[in-house]
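# structure, please.
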Amino acid sequence: MPNVTDLWRHPIKGVGREQLQSVALEVGKTMPWDRHWAIAHVDAKVDPENPVWARCMNFARAARGYRLMAVSSHLDEGAGTITLKHPDLETITVNPDNVADAKALVEWVTEISNPDRSLPAQVFKAPDRGMTDSSTATLSINTKASLEALSKATGTVLDQRRFRGNIWVDGFNAWEEFSWIGHHIRIGEAEFEIIDPIERCMATTVNPDTGISDCATLATLQSNWGHKDFGVFGVITKVGKITLGDTIEVL
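All right, here's what the predicted structure looks like:
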């Protein structure tokens, strides 16, 4: 039976990720704490006095600086602090809402940013939603079968962390998730409307252990399947909890 194999959240957009055992979801929201913060670069078109959702091009992310892909994180929800690790840096624990900590965070991220691109400038967040790539509050859902198909086509065992997804499921055929678009699915207690495929960027070419671009994922998707899509966006339509091992049903 199709089931949930992995759950991920990314408290700082483009900088770190952590696995979860379960998550409680609310209607019309993003995953709790997912993309809760983002790091705007010096040329970002964002207004700290009017913080609203903004496009990914305004923020530090692995598509702009490959070394960022190698960051891992752990969020302490109670303390509001996040611990970040990178193979080339000292581990740091900060509260991004604290002015001094935010400055330290920006400096830490700058150390592993691409010096030829706009550098990190400030911590940014929007009220009441994560800074996901879609203007609609969504979660990303990915299938293990599609990952295996792309791995086979590239000749590389691809780590799911390349795709920075929220929910990974098994028990479906490769690319079957695209047939869910326009339909609803149930995962555990929660339900989703599947609205769009996810067009992927250069971040997926980057090894999450090394921060080095080492696999032509986008070219392989285009040459084999005629697109650069991987996974789908879902909007939460029914509140509920999802736990590893929960089943999935297309409604």
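# ok, and the closest non-adjacent residue to the residue nearest in space to the middle of the chain?
By CA atoms, centre = their mean, the mean C-alpha position of the chain lies nearest to Arg164, the distance being 3.5 Å. Closest residue in space to Arg164, ignoring its immediate chain neighbours: His10 at 5.9 Å, by CB to CB, 6 or more residues apart in numbering. Backbone N, C-alpha and C define where each C-beta goes, glycine included.
# do I have it right that that neighbour meets Arg17?
Yes. With contacts counted by CB atoms under 8 Å, His10 reaches Arg17, the gap being 4.8 Å.
# can you pull the residues that touch both of these two?
Common contacts of His10 and Arg17 (CB atoms under 8 Å, 6 or more residues apart in numbering): 73, 164.
# neighbour count winner among those two?
His10 (25 against 19; other CB atoms under 10 Å).
# the longest helix seen in the chain - contacts with which helices or strands?
Counting by DSSP state H, the longest helix found in the chain is helix 99-111. When contacts are defined as 3 or more CB pairs under 8 Å, 6 or more residues apart in numbering; DSSP states H and E, helix 99-111 sits against strand 38-41, strand 89-94, strand 120-124.
# that helix to strand 89-94, inter-axis angle?
150 degrees (axes from the mean of the first three to the mean of the last three CA atoms, to 10 degrees).
# can you tell me what sits against helix 99-111?
By CB under 8 Å, 6+ apart, helix 99-111 touches 12, 15, 39, 60, 68, 84, 88-89, 92, 94-96, 119-123.
# stretch 125-136 now?
13, 29-31, 33-38, 51-54, 56, 59, 96, 124, 137-140, 195-196, 198, 233, 235.
# same check, this time on stretch 155-166
6-10, 17, 31, 34, 69, 139-142, 144, 147, 150-151, 168, 200, 203-209, 214-215, 217, 230-231.
# make a ChimeraX selection of the buried ones in those residues.
Applied in ChimeraX, the following selects the buried portion of those according to 16 or more other CB atoms under 10 Å:
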select :6,7,8,9,10,17,31,34,69,139,140,141,142,144,147,150,151,168,200,203,204,205,206,207,208,215,217,230,231
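# on that earlier part again, so which of the helices and strands packed on helix 99-111 gets nearest Glu176?
When the helices and strands packed on helix 99-111 are compared by CB to CB, strand 38-41 sits nearest Glu176, at 31.8 Å.
# and that closest one, average pLDDT?
Averaging pLDDT along strand 38-41 gives 97.
# for the helix or strand just after it, buried residues please.
Using DSSP states H and E, the helix or strand that follows strand 38-41 in sequence is strand 72-76. Burial within strand 72-76, assessed by neighbour count using 16+ other CB under 10 Å, is assigned to 72-73, 75.
# just the CA atoms of strand 72-76, as PDB, please.
Provided in PDB are the C-alpha atoms of strand 72-76 (Å, rounded to 0.1, in the frame of the first residue of the first chain):
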ATOM      1  CA  SER A  72      21.900  20.800   7.600                       C
ATOM      2  CA  SER A  73      19.800  22.200  10.400                       C
ATOM      3  CA  HIS A  74      17.900  21.500  13.600                       C
ATOM      4  CA  LEU A  75      15.100  23.700  15.000                       C
ATOM      5  CA  ASP A  76      14.300  24.000  18.600                       C
END
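# and Ser223, that one's in a helix?
Yes. The assignment for Ser223 by DSSP: H, G, I helix; E, B strand; the rest coil puts it in a helix.
# against Thr204, how distant is it?
As judged by CB to CB, to the nearest Å, Ser223 and Thr204 stand 15 Å apart.
# break down the stretch 151-251 of the chain into its strands, ranges please.
With strands called from DSSP state E, counting those that start in this stretch, the stretch 151-251 of the chain shows them at 167-170, 184-187, 190-199, 229-238, 240-243, 248-250.
# list the contacts of the second one.
Same thing as strand 184-187. With CB under 8 Å, 6+ apart, strand 184-187 has contacts from 4, 141, 167, 169, 191-194, 234, 237-238, 242, 246-251.
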